[in-house]
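model the structure of this input:
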Amino acid sequence: SSSSSSGTGPSAAAGTLAVWEISPGFLGVDLTTVGLTGTLVSASLRGPAAAGEVSTAVLFDLTTSFAGSRTHAVGLWATGASAAQVAAALAENEVYVSVHTVPFPDGEVRGQVSGFADLPTTTTTTT
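Numbering: from 1, shown residues only. Here you go, the predicted structure:
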């Protein structure tokens, strides 16, 4: 699934996010940004929150996944014990990506993640 968003105000920054299920409890995340106006401070997936709402809960922090790049991050999101809650939030379009920079500490790019209606909301544990 993917999401695109442009920053508000004077920034023309934008981003593209892809999230996919690798296996139960593990999601792949790929974020590409363009046009950021300043140094990257943080990037994360947050929720649950509907479009236009704000969540202080960081579900997955992508900041270190940028690894010296300020335009591209790839990460493995191990949802673990919260896999069912994460899957439910994704299925309800209640997860968003937020990219914060020095000039935009409240977020330069934000986009709601959508397209997960068929993601399983239960996991199987094998011992």
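
which stretches of the chain form helices?
83-91 (DSSP state H).

where do the strands of it begin and end?
Assigned by DSSP state E, the chain shows strands spanning 2-6, 14-23, 26-34, 40-46, 58-61, 72-78, 95-101, 109-113.

adding mean neighbour count, distance to Gln85 and mean pLDDT, write the ones you listed out as a markdown table.
Just so you know, the C-beta spots here come from the backbone N, C-alpha and C atoms, and that holds for glycine as well. Converted to a markdown table, those look like this (neighbours: other C-beta atoms under 10 Å; distance: least, C-beta to C-beta, whole Å; pLDDT from 0 to 100):
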| stretch | mean neighbour count | distance to Gln85 | mean pLDDT |
| --- | --- | --- | --- |
| strand 2-6 | 16 | 19 | 45 |
| strand 14-23 | 17 | 15 | 88 |
| strand 26-34 | 18 | 13 | 90 |
| strand 40-46 | 21 | 13 | 92 |
| strand 58-61 | 17 | 9 | 92 |
| strand 72-78 | 16 | 13 | 90 |
| strand 95-101 | 25 | 11 | 92 |
| strand 109-113 | 22 | 15 | 90 |
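
may I see these organised as CSV, with distance to Ala84 added?
Listed next are the strands of the chain as CSV, based on distance: least, C-beta to C-beta, whole Å:
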stretch, distance to Ala84
strand 2-6, 22
strand 14-23, 13
strand 26-34, 13
strand 40-46, 16
strand 58-61, 13
strand 72-78, 14
strand 95-101, 14
strand 109-113, 17
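
ok, which of those comes nearest Gly52?
Closest of the strands of the chain to Gly52 is strand 109-113, at 8.7 Å (criterion: C-beta to C-beta).

partners of that closest one in the sheet?
Strand pairing for strand 109-113, determined by DSSP bridges: strand 95-101 (antiparallel).

quick one, which of the strands of the chain is nearest to Ala88?
Minimum separation from Ala88 across the strands of the chain (C-beta to C-beta) falls at strand 95-101, 10.0 Å.
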